[in-house]
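A.B. asks: when you get a sec, could you give me coordinates for this:
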Amino acid sequence: MELIVDRLTKRYKNKLVVDRLSLHFKEGVYGLLGANGAGKTTFMRMICGILTPSEGSVTFDGLDVTQEEYRAVLGYLPQDFGYYPHFTGRDFLLYLAALKGLKKQQAVRRTEELLELVSLTGAAEKKIRTYSGGMKQRLGIAQALLNDPKILVLDEPTTGLDPKERVKFRNLIERLGKDSIVIFSTHIVSDIEHIADKILMMREGKIVFSGTKEEVEGDLEEFYLETFSEEIS
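C.D. replies: Below you'll find the predicted structure:
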């Protein structure tokens with residue numbers, strides 16, 4: 001299993017947002033750290049086929065990002081997750097399962113598994129408009145897992161989660177990384193420092209650090225703050 005990003009570039013008029021990134025991903029959890037405006041979301045949207053690169057390519061085991069078969073192995077939680085407020089949580093997952101091509105029996109089984117996984121079984125029949133921010137985020141995490149993806153792309157997934165939920169979510173991501181490629185974008189070091197197999201730091205569209213936590217000299221939080229001191233000051 002290999003996701004290959006080859007010279008991926010995104011340019012808007014004269015602004016270079018993602019600058020010729022080349023990366024290879026295998027099974028595991030990849031923590032993508034960077035300040036706002038670093039290019040993380042643009043990079044992830046190109047990996048998901050939502051944005052067309054100005055140059056470069058994304059392939060998974062020979063499948064191009066534009067192919068339907070690629071989308072079938074992809075799970076994505078965007079930073080601004082959209083939902084239908086009048087749907088119940090259960091109906092929303094069943095609806096998205098149908099859009100993803102799951103058969104009815106499979107969709108029902110998977111929906112119940114995921115509602116339990118993200119601790120929403122008790123709220124499954126409530127309208128999404130009544131959900132708290134954390135509950136909506138947990139529902140977003142569930143929908144990203146519906147098709148049991150081989151590539152899971154999560155853009156700031158812990159937003160709105162309380163400390164207890166964050167720990168549970170991190171444990172879940174660590175388990176998923178054993179059999180899939182998880183790319184987890186955040187600006188909170190503690191979200192990924194104990195679960196990421198590899199840490200990527202992005203600044204002005206470039207990867208400025210790529211390595212394990214052990215390869216960082218000293219404390220990861222301090223290294224991050226020092227690297228991005230200008231952007232986050």
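A.B. asks: next secondary structure element downstream of whatever helix or strand Thr42 lives in?
C.D. replies: Thr42 is part of helix 40-47 when elements are defined by DSSP states H and E. Following helix 40-47 in sequence order, the next helix or strand is strand 55-60 (DSSP H and E).
A.B. asks: does anything pack onto the helix holding Thr42? Which helices or strands?
C.D. replies: Judged by 3 or more CB pairs under 8 Å, 6 or more residues apart in numbering; DSSP states H and E, helix 40-47 is in contact with strand 3-12, strand 15-25, strand 28-33, strand 151-155, strand 181-186. Glycine gets a C-beta too; all of them are placed from N, C-alpha and C.
A.B. asks: among these, which comes closest to Leu94?
C.D. replies: Nearest to Leu94, of all the helices and strands packed on helix 40-47, is strand 151-155, at 20.5 Å by CB to CB.
A.B. asks: hey, C-alpha coordinates of the closest one in CSV?
C.D. replies: The C-alpha coordinates for strand 151-155 follow below in CSV (Å, rounded to 0.1, in the frame of the first residue of the first chain):
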residue,chain,number,x,y,z
ILE,A,151,-6.6,6.5,2.9
LEU,A,152,-8.0,8.7,5.7
VAL,A,153,-7.5,12.4,5.5
LEU,A,154,-8.5,14.5,8.5
ASP,A,155,-8.3,18.3,8.5
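A.B. asks: pull out the buried positions in that strand.
C.D. replies: 151-155 (16 or more other CB atoms under 10 Å).
A.B. asks: same deal with stretch 10-19?
C.D. replies: The neighbour-count check on stretch 10-19 (16+ other CB under 10 Å) flags 10, 16-19 as buried.
A.B. asks: closest to Leu99 out of the residues you listed?
C.D. replies: Using CB to CB, Lys10 comes nearest to Leu99 of the buried residues of stretch 10-19, at 26.6 Å.
A.B. asks: what's the distance between the nearest residue to that closest one once chain neighbours are set aside and Glu55?
C.D. replies: Excluding the flanking residues, the one nearest Lys10 by CB to CB, 6 or more residues apart in numbering is Val18, at 4.2 Å. The gap separating Val18 from Glu55 is 10 Å, by CB to CB, to the nearest Å.
A.B. asks: in contact with the closest residue to Ser132 other than its chain neighbours, which residues?
C.D. replies: Leaving out its chain neighbours, the residue that sits closest to Ser132 by CB to CB, 6+ apart is Gly160, at 7.7 Å. Gly160 sits next to 132-134, 136-137 when contact means CB atoms under 8 Å, 6 or more residues apart in numbering.
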